[in-house]
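> Got a predicted structure here, sequence first:
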Amino acid sequence: MPWLAIPFSNSETISSLKKLFQVRGIPSLVLLDEAGKLVTKSRVMLMNEHGAEAYPFTSQRIHELKDQEQEARRNQTLTSILVSRSRDFVISSDGKKVLVSELEGKIVGLYFYSVVYNASADFTPKLLEVYKKLREKGEKFEVVGIPLDSDEESFKKGLESVVGYPCLSMTRALISWQG
């Protein structure tokens, strides 16, 4: 860890801090201002969602970020939620790049799945069946898979499970609200 730490052997201080800030979950993050006063507790989610953008982690900054998120939702488009700074495409099950702009004018399902969970394994065939039937009828329906697995192997396994359905787009990008 690149940051400072209370020595493990100082269990009295650790216990005191845990009690003072009512730490109940792990991980937990308590933020103190320059004078050592409590700014906020339980900001793990804030860090996960916004990272350094949340600095200085004050209530005012949190409100600004929430306002930006609400504005982004009001002006949401497929491009605003599926395109990132480094990518303007999704990939098909055969590995070809499909521009997000090609999804405009279609009903798009965002399928959050995990290869390692049985519920996904049970639902994916049903989704494939519906997808195939709608496509055969000429409906403008598309699915963008968003893998929640943490490793490349599972991602590739997910792509292999839909081989034969080249229009089923898959992407490793996680969806984030962009302000």
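Now that the structure is in, tell me what you want to look at.
> List the buried residues for the helix or strand harbouring Ile81?
Assessed by DSSP states H and E, Ile81 sits inside helix 78-82. Residues 78, 81-82 are the ones in helix 78-82 that count as buried (16 or more other Cβ atoms under 10 Å). Any C-beta I mention is one placed from the backbone N, CA and C, and that applies to glycine too.
> After it, which helix or strand is next? Please name it.
strand 89-92.
> Name the strands paired with that next one and say parallel or antiparallel.
strand 97-99 (antiparallel), strand 169-170 (antiparallel) (DSSP bridges).
> weakest of the ones you listed by average pLDDT?
Looking at the strands paired with strand 89-92, the lowest mean pLDDT belongs to strand 169-170 (a mean of 43).
> Select the longest helix from the protein.
Scanning the chain for the helix with the most residues, using DSSP state H, yields helix 118-136.
> any chance you could map the helices in the protein?
11-20, 44-50, 59-74, 78-82, 118-136, 152-160.
> Tell me which of the ones you listed sits most buried.
Highest mean neighbour count of the helices of the chain: helix 78-82, a mean of 18 (counted as mean count of other Cβ atoms under 10 Å).
> That one - contacts with which helices or strands?
Contacting helix 78-82 under the criterion 3 or more Cβ pairs under 8 Å, 6 or more residues apart in numbering; DSSP states H and E is no other helix or strand.
> how far does that helix sit from the chain's center?
Distance of helix 78-82 from the chain centroid (Cα atoms, centre = their mean, to the nearest Å) equals 13 Å.
> Now that helix - C-alpha only, CSV.
Only the C-alpha atoms of helix 78-82 are listed here, as CSV (Å, rounded to 0.1, in the frame of the first residue of the first chain):
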residue,chain,number,x,y,z
LEU,A,78,-26.8,5.3,-26.6
THR,A,79,-23.7,7.2,-27.4
SER,A,80,-23.5,8.9,-24.0
ILE,A,81,-23.7,5.6,-22.1
LEU,A,82,-21.9,3.2,-24.4
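> What's the mean pLDDT across it?
86.
> ok, now how distant is the residue nearest to Tyr111 when sequence neighbours are not counted from Val90?
In space, and not counting its chain neighbours, Tyr111 is closest to Gly145: 4.8 Å by Cβ to Cβ, 6 or more residues apart in numbering. The spacing between Gly145 and Val90, counted by Cβ to Cβ, to the nearest Å, is 9 Å.
> for Val108, same thing?
For Val108, the distance to Val90 - Cβ to Cβ - is 10 Å.
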